[in-house]
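Enquirer: here is a sequence with its predicted model. Questions after.
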Amino acid sequence: MRRFDFVTLKLFISVADEGRLTAAAEREHLALAAVSKRISDLEALVGTTLLYRRPRGVELTPAGQAFLHHARRILDNIERLHAELSEYGEGVRGHVRIHSNTSAIIAFLPQDLSAFSRLYPEIKIDLQERVSSEIIAAVRDGLTDIGIFAGHVPAPDLQQLSYRHDRLVLMTPIDHPLAERESIAFNEALAFDFIGLQQDASLQSLLYEQATLAGKTLRMRIQVRSFDAICRMIHHGMGVGVLPEQTIYRDLGDLQLKSIPLSDPWAQRELVIGMRRYASLHVTARHLVDHLTQATDER
């Protein structure tokens, strides 16, 4: 075990993430033969097989899953050590991993992360867009430091802090029968076809749940992967849709759309910051959490 080195640990994580030795070699800027030898030497060192070799890539064995878990934790602790010690040097350094849902990335994070980067220019921010269920799993598994997700999605084992609030609105073509309404209950719109997000999006799950509670069916005509695509489909008369108000792109002014606030109480949503434990975060991540929650308090 004394022969473990951080390069091999990092390489193994890359292999697990990429699922192919070739892709991992490119990511780590190593020759494929060097990657293959390091993994083989690692398996010989631990005395068990860590990867299943498949025609189209590699998969982790049960032992490989366990090794991956500890490898991530070891490198995370090293990064935390580096960040903590940097406070005694020339300023805060390091990086923070964030997974966030689309709503926060579009509506709130650009200005908040820009302000944070001006305060801490030496901290690198690794931001990835995910759906809320994936974010919660990533925080729980240590794949990201913090996550920003919809507050209605259960995450009982995570510590959560309020981040922002947004309001859901019904989007229709400007000549739609509902377009004259100043506000509307969600169940009144269920007589029409909907354009929505992919099945695993938390917003989509919320709409299905509310339709079921109303004793009606959510008639999904088309499902896409972005709010932009939803708006364009609605513009061309393919249906109506529900979007967070602050995610509606300002550069879609050429589209003939009407935004109608939903009157349902659940349409006022909370976005939360989730983490395993604030006290266990490395100093750079704590700085970011503090900044995001301070931005919330100031609004």
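Expert: Yep, it's here.

Enquirer: domains of this protein?
Expert: 6-68, 84-164+270-295, 166-268 (the TED database).

Enquirer: now those domains in a markdown table, with mean pLDDT, distance to residue 77 and mean neighbour count?
Expert: C-beta here means a position set from N, CA and C on the backbone, and glycine is covered the same way. Output for the domains of the chain, formatted as a markdown table (pLDDT from 0 to 100; distance: least, C-beta to C-beta, whole Å; neighbours: other C-beta atoms under 10 Å):
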| stretch | mean pLDDT | distance to residue 77 | mean neighbour count |
| --- | --- | --- | --- |
| domain 6-68 | 92 | 11 | 15 |
| domain 84-164+270-295 | 89 | 9 | 18 |
| domain 166-268 | 91 | 31 | 17 |
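
Enquirer: got a markdown table for the ones you listed, with distance to residue 74 too?
Expert: A markdown table is the format used below for the domains of the chain (distance: least, C-beta to C-beta, whole Å):
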| stretch | distance to residue 74 |
| --- | --- |
| domain 6-68 | 6 |
| domain 84-164+270-295 | 11 |
| domain 166-268 | 31 |
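
Enquirer: wait, doesn't residue 181 sit right on residue 260?
Expert: Yes. Under the criterion of C-beta atoms under 8 Å, residue 181 lies in contact with residue 260, with a separation of 5.3 Å.

Enquirer: which non-adjacent residue is nearest residue 179?
Expert: The shortest distance from residue 179 to any residue other than its chain neighbours is 4.2 Å, reached at residue 258 (C-beta to C-beta, 6 or more residues apart in numbering).

Enquirer: name the helix or strand for that neighbour, please.
Expert: Assigning secondary structure by DSSP states H and E places residue 258 in strand 257-261.

Enquirer: partners of the helix or strand just after that strand, with directions?
Expert: On the C-terminal side of strand 257-261, the nearest following helix or strand under DSSP H and E is strand 268-275. In the sheet containing strand 268-275, the strands it pairs with under DSSP bridges are strand 146-150 (antiparallel), strand 159-173 (antiparallel).

Enquirer: quick check: phi and psi at residue 81.
Expert: Backbone torsions for residue 81, taken as degrees, to the nearest 10, come to phi -60, psi -50.

Enquirer: restricting to C-alpha, output the strand holding residue 258 in CSV.
Expert: In CSV, the C-alpha atoms belonging to strand 257-261 read as follows (Å, rounded to 0.1, in the frame of the first residue of the first chain):
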residue,chain,number,x,y,z
LEU,A,257,-45.1,34.4,-26.3
LYS,A,258,-47.3,35.3,-23.3
SER,A,259,-46.1,34.6,-19.7
ILE,A,260,-49.0,33.9,-17.2
PRO,A,261,-48.2,33.5,-13.5
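
Enquirer: ok, which of the domains of the chain comes nearest residue 76?
Expert: Between residue 76 and those, the shortest gap by C-beta to C-beta is with domain 84-164+270-295, which sits at 6.4 Å.

Enquirer: so residue 73 sits right up against residue 142, yeah?
Expert: Yes. Under the criterion of C-beta under 8 Å, residue 73 is in contact with residue 142, at a separation of 6.3 Å.

Enquirer: for the strands paired with strand 268-275, which one sits closest to residue 137?
Expert: Among the strands paired with strand 268-275, strand 146-150 sits nearest to residue 137 (C-beta to C-beta), with 9.2 Å.

Enquirer: next, the angle strand 159-173 makes with the strand holding residue 258.
Expert: Relative orientation of strand 257-261 versus strand 159-173 (axes from the mean of the first three to the mean of the last three C-alpha atoms, to 10 degrees): 130 degrees.

Enquirer: strands paired with strand 257-261, and their directions?
Expert: As defined by DSSP bridges, the strand partners of strand 257-261 come to strand 159-173 (antiparallel).

Enquirer: can you pull out the strands in the stretch 51-200 of the chain?
Expert: Secondary structure of the stretch 51-200 of the chain (DSSP state E, counting those that start in this stretch): strands at 51-54, 57-60, 94-100, 123-129, 146-150, 159-173, 194-197.

Enquirer: these: which one's closest to residue 18?
Expert: Set against residue 18 and scored by C-beta to C-beta, the strands of the stretch 51-200 of the chain come closest in strand 57-60, at 8.1 Å.

Enquirer: mind giving me the packing neighbours of the closest one?
Expert: When contacts are defined as 3 or more C-beta pairs under 8 Å, 6 or more residues apart in numbering; DSSP states H and E, strand 57-60 sits against strand 51-54.

Enquirer: neighbouring contacts of the strand it packs on?
Expert: When contacts are defined by C-beta atoms under 8 Å, 6 or more residues apart in numbering, strand 51-54 is touched by residues 15, 39, 43, 58-61, 64.
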